[in-house]
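Chemist: quick one: sequence plus predicted model below, questions after.
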Amino acid sequence: MRTMFRRAATIAAGTAAAAVLTIGTAGAAPASTWAGCPDGAVCVYPQGQDPAATPSLTFWSYGAHNLSGQVGFHWVLNNQYGGAHAQLCTGYNGTGDCSHDMAPQNGWWTDLTPVNSIVLYQ
């Protein structure tokens, strides 16, 4: 219950340009659904939706996922487990600057204007 409260409190307070939420460890067991993001998925929420409630994009498979029309600030939640990460990349197909690496059970409030793909990997 405490973990769920921390998640909700952090999402509600997420108005900074790059709010980061860290919960659990890389080898943790599957999490529960988090702000509408299912276990094992990476979710993107509609522009300006704060707190995050209903994702507009949900990614399940490893590899690059191209974005289209995603500008302004969005929540991106990595609700994967078992050490699975997500990277935000400036180019399509996981190219360009991919230095924004998101560990499992993390959420970022970030500007997706320069982001053209999200890469999920183990």
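Modeler: In hand now; what should we look at?
Chemist: what is the helix or strand harbouring Q87 packed up against?
Modeler: Assessed by DSSP states H and E, Q87 sits inside strand 85-89. Using 3 or more CB pairs under 8 Å, 6 or more residues apart in numbering; DSSP states H and E as the contact test, the elements touching strand 85-89 are strand 73-78, strand 100-102, strand 117-121. The C-beta positions use only the backbone N, C-alpha and C, and glycine is treated the same way.
Chemist: including distance to H85, mean neighbour count and mean pLDDT, could these go into JSON lines?
Modeler: Formatted as JSON lines, those follow (distance: least, CB to CB, whole Å; neighbours: other CB atoms under 10 Å; pLDDT from 0 to 100):
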{"stretch": "strand 73-78", "distance to H85": "7", "mean neighbour count": "25", "mean pLDDT": "98"}
{"stretch": "strand 100-102", "distance to H85": "6", "mean neighbour count": "17", "mean pLDDT": "96"}
{"stretch": "strand 117-121", "distance to H85": "6", "mean neighbour count": "20", "mean pLDDT": "98"}
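Chemist: would you format the ones you listed as CSV with distance to C89 included?
Modeler: Formatted as CSV, those follow (distance: least, CB to CB, whole Å):
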stretch, distance to C89
strand 73-78, 12
strand 100-102, 8
strand 117-121, 5
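Chemist: who does Y121 form a beta bridge with?
Modeler: Listed by DSSP bridges, the beta-bridge partners for Y121 are H85.
Chemist: er, G63 I mean
Modeler: Beta bridges link G63 to L120, judged by DSSP bridges.
Chemist: how many other residues sit next to it?
Modeler: 12 (other CB atoms under 10 Å).
Chemist: about what we covered before: of all the helices and strands packed on strand 85-89, which one is nearest A84?
Modeler: strand 117-121 (6.5 Å; CB to CB).
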